[in-house]
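Q: Pasting the sequence and the predicted coordinates here, then a few questions.
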Amino acid sequence: MRLLVVSIIFIIFITVINFIKPVYAQSLPYGWQVNNFQSNIAVLPDGKVEVRETISVDFDSLEKHGIYRDIPYIYTNGDGTKTYTQIDVESVLKNGSPENYQTSQSNGFVRIKIGDANKTISGIQTYQVTYVASGVIKGFPKFDELYWNVTGNYWEVPIQNAEATVTLPSNAITQVACYQGIIGSTQECESSQDEVNAIFKSTTPLSPGEGITIAVGYKKGLVPIITVARPKTLWEKITSPGNLLLTLIIFSTSWSIIFRQWWKNGRDFWFRRKDLFDPNAKEEKKPIGAHETIVVLYSPPENMRPAELGVVIDQKADNRDVTATIIDLATRGFLKIEEVPKSWLFGKVDYNLTKKDKDNSKLLPYEKELYDAFFSSKKSVKISSLKYTFYNDLAKVKNQLYDNLVSKKLFIKRPDKVRGIYFAVAIFAIAGGIGSTIFGLASQNALVVSLALGLFIGCLPLLFLANFMPRRTAQGHDMYLKTKGYFLFVDKAEKYRQRFFENKNLFNEVLPYAITFGLTEKFAQAMKDIGIKPQTTSWYAGTHAFNVGTFGSNIESFSNSVSKSMASTPHSSGSSGGGSSGGGFGGGGGGSW
């Protein structure tokens, strides 16, 4: 029975303790408070003022990271002019040990943010903040004075007790004063003095918005009167000669590295021959980059296919190159293209591709990939049916085309991958420059902004130069020059009309290359002007009587239709993430975080 009574009493005791604890947690009206604010102020021989603030706070059971202290460094005078001071933090301690802190400037205040974002603390904590203030002593005709707002009037919680001690370098104090309360209050607080020290103390707890301000007058000329110039704006700092020079150095260095990378690894290799079109010609010693003459060629160099020359000339496998391959396969007898008329007035012309019975085993890998993608399980396919379904096959065809040119030793590496690497580097560097610029502007750090701007501007050219980083081999450079020679022939076809009269099929042979060179309609017009009537019935069937000019327009329309249909990708749903969708100097205040 006695054991039962003891157990019941124990349970009641534990229960009462558990109820008392949360009530105690709310015992402080603001959740936490400043128990004591002690400021030791020393006027230094050089005219600066060292301030050591010891701030004891009680967080009770709240979980906090620490406190912050706001101190003004810009003051507005009665006539509207401004006085500027400088605050330099020397040390921050918590319970006698060094503590993490950060300083920042905003709206004329220096904020000292104390604590660790990864740790929380409760109960009583004592902070000691030491800083040096410059430009806070004023001179009058008969005396000099330190007029100092000790606590600041912008604390978010009560201050139970506030004290301050002012020490001078030698015996010189002539008068002191102490005021407490809200801004503008003339209520006096305790003060005492000797010739070297002045001691001040609040007489009542200070509510939020209240503080104490002290004034110490001393013999004139004891220490120098320091003035602080208006701090430069961030823009003035950024545009200062030193920072502009830094930005220029970073920009120049970035651009030099990029240009050197292109010079060393992006320019084509080439043979130093007198005649690039005669492999047996005697070598002529001439510097790299010497002028190279383009010689007109009347047939595709080394029987290269249209898409191959398209990549050789611009280092990209475009949709136009794939379209040219379709026309090329058609003119060579592997398929037939039939125009499908509009189904209604505002409809679009469609095209039907029909497979022909011809051995395709000798097609190049990328041609075979394209051919099989069209006809792997059917004899014909409409271009419109490829929309939203063919993009994966298109990527495979382009991959095969790139691999084909690398295997032929025309490129050192696949141009698309080289471009991708340099684009990624450019985007990463530019994003880093933008991010650093934003950080520098937010933190008012002109040095960071200057460095970041130099990096950002310096790396912008890489976005452009990335297109020229793929490198042709010497053989590939020769092929590029020869391709340019064949381009001249196709571009100026009307100058070589006799060749078209001698070879009746030359139109069909040249057309796919005209497409990949972007010369379709110009080439068709040249044929019309020459008077050539090419035979296209074996591989192309239109809805109207054949006309070279109309045919050129139709082929251009076909090219556009094919490019749009083959490259179209399905839209993702929004649900899967694809949618859019007082007086004197000093002052300030503080709080917790």
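A: In hand now; what should we look at? Numbering: from 1, shown residues only.

Q: pLDDT weak spots in the chain?
A: In the predicted model, the chain carries pLDDT under 70 at residues 1-27, 269-292, 343-347, 544-554, 563-590.

Q: Can you tell me the closest non-neighbouring residue to residue 371?
A: Excluding the flanking residues, the one nearest residue 371 by C-beta to C-beta, 6 or more residues apart in numbering is residue 360, at 5.7 Å. Using the backbone N, CA and C atoms, a C-beta is placed for each residue, glycine as well.

Q: So the one you found, which state does it fall into?
A: With DSSP: H, G, I helix; E, B strand; the rest coil as the basis, residue 360 sits in coil.

Q: all helices of this protein, in order?
A: Assigned by DSSP state H, the chain shows helices spanning 2-25, 234-238, 241-265, 306-314, 319-331, 365-375, 391-407, 415-442, 446-465, 474-491, 497-502, 506-516, 520-530, 548-567.

Q: At the geometric centre of this structure, which residue sits there?
A: residue 431 (2.2 Å; C-alpha atoms, centre = their mean).

Q: neighbouring contacts of stretch 464-471?
A: When contacts are defined by C-beta atoms under 8 Å, 6 or more residues apart in numbering, stretch 464-471 is touched by residues 258-259, 261-262, 265-269, 315, 411-415, 418-419, 422-423, 426.

Q: Can you say which of those residues are buried?
A: The neighbour-count test (16 or more other C-beta atoms under 10 Å) marks 258, 262, 266, 268, 315, 411-412, 414-415, 418-419, 422, 426 as buried among the contacts of stretch 464-471.

Q: what's the closest non-adjacent residue to residue 296?
A: Residue 296's closest residue in space is residue 488 (C-beta to C-beta, 6+ apart), at 4.8 Å.

Q: who's in contact with the one you found?
A: 294, 296, 297.

Q: for residue 381, same thing?
A: Going by C-beta under 8 Å, 6+ apart, residue 381 touches 352, 353, 374, 375.

Q: Just list whatever residues bridge to it.
A: The partner list for residue 381 in beta bridges (DSSP bridges) reads residue 353.

Q: Can you point out the buried residues in stretch 447-461?
A: Along stretch 447-461, these residues count as buried under the neighbour rule (16+ other C-beta under 10 Å): 448-461.

Q: Just give the number of residues close to the residue lying closest to residue 334 once chain neighbours are set aside.
A: Sequence neighbours aside, residue 358 is the residue nearest to residue 334 in space, at 5.4 Å (criterion: C-beta to C-beta, 6+ apart). Residue neighbour count, defined by other C-beta atoms under 10 Å, stands at 11 for residue 358.

Q: any chance of the contacts of residue 381 in JSON lines, plus distance to residue 191 and neighbour count?
A: Conversion of these to JSON lines gives the following (distance: C-beta to C-beta, whole Å; neighbours: other C-beta atoms under 10 Å):
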{"residue": "352", "distance to residue 191": "102", "neighbour count": "16"}
{"residue": "353", "distance to residue 191": "100", "neighbour count": "21"}
{"residue": "374", "distance to residue 191": "97", "neighbour count": "21"}
{"residue": "375", "distance to residue 191": "101", "neighbour count": "18"}
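
Q: For residue 186, state which of the residues you listed is nearest.
A: In terms of C-beta to C-beta, no member of these lies closer to residue 186 than residue 374, at 94.5 Å.

Q: which ones are touching the closest one?
A: By C-beta under 8 Å, 6+ apart, residue 374 lies in contact with 335, 353, 355, 381.

Q: Mind putting these into a markdown table with distance to residue 99?
A: Listed next are those as a markdown table, based on distance: C-beta to C-beta, whole Å:
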| residue | distance to residue 99 |
| --- | --- |
| 335 | 78 |
| 353 | 75 |
| 355 | 79 |
| 381 | 73 |
